[in-house]
Structures are given as C-alpha cells and as structure tokens.
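*Asks:* coordinates for the following, if possible.
(one chain, ligands or ions: 1)
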Amino acid sequence: MLRGKSVLLRPVKRSDVSYFLKWFNDPEVTQYLGLYLPMTEIAEEKFIEELGTTRTKSDVILVIEAIEGDSTKPIGNCGLHEINAKDHNALFGIAIGDKDYWSKGYGLEAARLLINYGFQQLNLHRISSYAFAFNERSIKFHKKLGFREEGRLRQSTFKNGQYHDHVQFGLLRDEWKGL
Ligand SMILES: CC(C)(COP(=O)(O)OP(=O)(O)OC[C@H]1O[C@@H](n2cnc3c(N)ncnc32)[C@H](O)[C@@H]1OP(=O)(O)O)[C@@H](O)C(=O)NCCC(=O)NCCS
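*Replies:* Down below sits the predicted model:
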C-alpha cells in the first residue's frame with residue numbers, strides 16, 4: 001500500500017467490481033478514456049482475475065482511496081501498464097471515477113505516489129502517458145507532474161462524432177528526481 005496525506009493506493013479487490021462498473025459505465029468519465037464499450041460485470045471480474053495471474057508482471061493497477069478522517073473511500077484507480085523489463089519503461093494511466101472528487105488535488109497526489117513507486121521500486125527509466133487534446137485538465141495535470149509533451153497523434157481517436165488528437169507525454173527518471 002502507498003499512503004499519502006489525502007489518498008492511499010491499494011491493490012484491487014474482487015469487491016471493487018461494483019465501483020469499476022459504476023465509474024467505467026459513466027459517459028462523463030469515459031469521454032476522457034480509451035474505453036468506449038459498455039463494461040459488463042463479467043468483463044470486470046475477468047480483468048480483476050487476470051491482474052492476479054497473467055498480468056502480474058506487466059501491470060501494476062491500484063485503487064485510489066480518499067482518506068477522510070479515520071475512514072477511506074474508493075474514488076478511482078491508476079496504473080503502470082505494459083511494464084517493459086528490458087527498456088525499463090511503462091505506460092501511466094489514471095481515472096478518478098467519482099466525479100465529486102475531480103479537481104481537488106487527489107489525482108496529483110495519487111499520481112505522485114505511483115510515479116515515485118515506478119521509479120524507486122520498479123526501477124523504471126521512463127514513463128509514457130497520453131491524453132486527448134481536448135482534456136485540458138489532464139494536460140495541465142501531466143505538465144504539473146513534470147511530464148514533457150513529446151508529440152501529437154493527429155486524429156487518432158474517434159469520439160462523439162469526430163476525430164481527436166492524442167497528446168503524447170514522457171517523463172524520465174532524472175527529470176523526476178530533479179523536481
Ligand atoms: C485527470 C485527473 C486524473 C486529474 O485529477 P484531479 O484530482 O481531478 O486533478 P487535481 O485536482 O489533482 O489537479 C491537477 C491539476 O490539473 C489542473 N486542473 C484541475 N482542475 C482543472 C480543471 N477543471 N480545468 C483545467 N485544469 C484543471 C490544475 O493545473 C491542477 O493543478 P493545481 O490545481 O494545483 O493548479 C482526473 O480529473 C480524472 O481522472 N478525470 C477523468 C478521467 C481522466 O481524464 N483521466 C486522464 C486520462 S489521460
């Protein structure tokens with residue numbers, strides 16, 4: 001478990017299925033994500049099952065819980081995906097699924113805990129990430145974390161009747177240490 005001041009990150013549990021179904025079937029959340037098909041209970045259960053088996057070495061996915069006094073509440077998840085043992089890189093992803101918790105600093109704190117874990121414990125050299133060009137909050141969020149914009153995948157995603165660009169970000173271990 002990774003613990004900060006207002007969030008903690010913990011491994012996924014079977015009982016998280018109900019949260020995942022709620023968050024990842026909410027169009028206001030999924031408009032910012034690559035997900036586009038309705039998420040079924042069976043698909044979510046399989047996803048969680050695989051985290052403990054086939055994807056153990058390639059994905060670290062953690063649930064973000066907000067710390068509220070003595071209790072905590074699941075509000076989203078974040079992860080390092082496609083962890084590459086040769087090149088020491090991985091792909092970062094995050095979604096605060098509970099909209100009441102957007103823009104209150106939880107995302108930044110959760111991301112800092114996970115990125116630190118990636119560089120200090122997984123010995124990553126580089127972390128990549130993507131955001132849709134229209135996701136202004138996510139773009140500011142990445143820059144605030146120290147990610148550098150490295151390019152744009154033009155019209156790479158179709159959403160809401162039109163194509164959108166993806167902004168590609170990268171963060172190197174030395175850049176993170178220097179922050
Ligand atoms: C993107 C996301 C992770 C950011 O986390 P968050 O907790 O909402 O954001 P934070 O409060 O930590 O703010 C991070 C920075 O983003 C910027 N930001 C926050 N709210 C913003 C808003 N409404 N509009 C524009 N920028 C905003 C600010 O620069 C902020 O830093 P500051 O307030 O210290 O200046 C979260 O909103 C989320 O999961 N959204 C839905 C799914 C998503 O977009 N995932 C990312 C896909 S790439």
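*Asks:* name the helix or strand for Leu113, please.
*Replies:* Counting by DSSP states H and E, the secondary-structure element that holds Leu113 is helix 106-120.
*Asks:* can you give the contact residues for that helix?
*Replies:* Residues outside helix 106-120 that contact it (C-beta atoms under 8 Å, 6 or more residues apart in numbering) are 2-7, 9, 60, 62, 64, 66, 75-76, 78-80, 90, 92, 94, 96, 124, 127, 141, 144-145, 171, 173, 176-177. Where you see a C-beta, it was placed from the backbone N, CA and C, and this is true even at glycine.
*Asks:* buried residues, it. List them.
*Replies:* By neighbour count on 16 or more other C-beta atoms under 10 Å, the buried set for helix 106-120 is 106-115, 117-119.
*Asks:* and of those residues, the nearest to Pro27?
*Replies:* Gly107 (19.3 Å; C-beta to C-beta).
*Asks:* could you pull up phi and psi at the residue sitting nearest the centre point of the chain?
*Replies:* In the chain, the residue lying closest to the centroid (C-alpha atoms, centre = their mean) is Ile94, at 1.8 Å. Here is the backbone geometry of Ile94 (degrees, to the nearest 10): phi -150, psi 140.
*Asks:* check which element follows the strand or helix carrying Phe47 along the chain.
*Replies:* Taking DSSP H and E as the criterion, Phe47 maps to helix 41-51. Where DSSP H and E defines the elements, the next helix or strand beyond helix 41-51 is strand 60-68.
*Asks:* ok and that following strand relative to helix 106-120, angle-wise?
*Replies:* If you take axes from the mean of the first three to the mean of the last three C-alpha atoms, to 10 degrees, strand 60-68 sits at 140 degrees to helix 106-120.
*Asks:* and the helix or strand following strand 60-68, what does it pack against?
*Replies:* Moving toward the C-terminus from strand 60-68, the next helix or strand (DSSP H and E) is strand 71-84. Counting contacts by 3 or more C-beta pairs under 8 Å, 6 or more residues apart in numbering; DSSP states H and E, strand 71-84 packs against strand 7-11, helix 17-23, strand 60-68, strand 89-96, helix 106-120.
*Asks:* any chance of those in CSV, with mean pLDDT and distance to Tyr32 too?
*Replies:* Listed next are the helices and strands packed on strand 71-84 as CSV, based on pLDDT from 0 to 100; distance: least, C-beta to C-beta, whole Å:
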stretch, mean pLDDT, distance to Tyr32
strand 7-11, 98, 19
helix 17-23, 97, 12
strand 60-68, 97, 15
strand 89-96, 98, 8
helix 106-120, 98, 11
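*Asks:* as TSV, the ones you listed with distance to Thr40 would be great.
*Replies:* Formatted as TSV, the helices and strands packed on strand 71-84 follow (distance: least, C-beta to C-beta, whole Å):
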stretch	distance to Thr40
strand 7-11	22
helix 17-23	8
strand 60-68	18
strand 89-96	18
helix 106-120	26
